[in-house]
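**Student:** Any chance you could fold what I've pasted below:
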Amino acid sequence: MTLDKAILRELAVSIDVTGYLRIMDAAHRASPTGMGYGKTRFASPTDSFKLLYVAQDLQTALAEAIIRDRYQGKQKRELLEEDVEQSIIASMMSLAPLKLLDLRASGASRLPPSPLPARSYLKPTVAKAAGVRRSDSRFRALASVGF
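**Tutor:** A predicted model of the protein is given here:
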């Protein structure tokens with residue numbers, strides 16, 4: 001996959017994540033900004049980069065950290081106390097803005113299309129594997145323009 005370096009430079013923004021929220025397992029309380037290689041759709045299959053999930057609001061943090069795809073294909077949508085009782089919420093503080101790609105608005109549509117739709121009807125493991133493969137190639141392209 002080839003990414004247009006000019007588009008990447010245009011989409012690059014500096015964002016102060018102070019006040020953003022992160023939901024994580026309470027076992028990681030001592031290192032709330034700790035990042036990991038992860039095994040998600042955004043992860044690198046070769047551990048080229050680490051991930052940090054943060055959100056601007058509680059609803060998004062809950063959706064990404066706890067709810068995710070747990071209700072896919074299910075009629076009953078219940079979130080039980082035991083699903084969240086080992087989780088904590090951390091509010092981020094940034095000493096300097098982070099350099100990120102702005103994929104809001106038209107940002108995502110300016111990148112090459114994904115081979116799978118965002119709400120793929122394929123098995124989640126197939127969609128995740130494709131996303132992970134794309135993550136590595138996008139990381140290399142981003143690294144080439146200073147990310």
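
**Student:** neighbours around residue 5, how many?
**Tutor:** Residues near residue 5, counting by other Cβ atoms under 10 Å, number 13. From N, CA and C alone the C-beta is placed, and that goes for glycine too.

**Student:** Roughly how far does it sit from residue 96?
**Tutor:** Using Cβ to Cβ, to the nearest Å, one gets 24 Å for the distance from residue 5 to residue 96.

**Student:** Do I have it right that residue 36 meets residue 51?
**Tutor:** Yes: at 6.5 Å, residue 36 counts as touching residue 51 under the criterion of Cβ atoms under 8 Å.

**Student:** Now the nearest residue to residue 58 once chain neighbours are set aside, what are its backbone angles?
**Tutor:** Leaving aside its sequence neighbours, residue 58 sits nearest to residue 21 (Cβ to Cβ, 6 or more residues apart in numbering; 6.1 Å). Dihedral pair for residue 21: phi -110, psi 150, per degrees, to the nearest 10.
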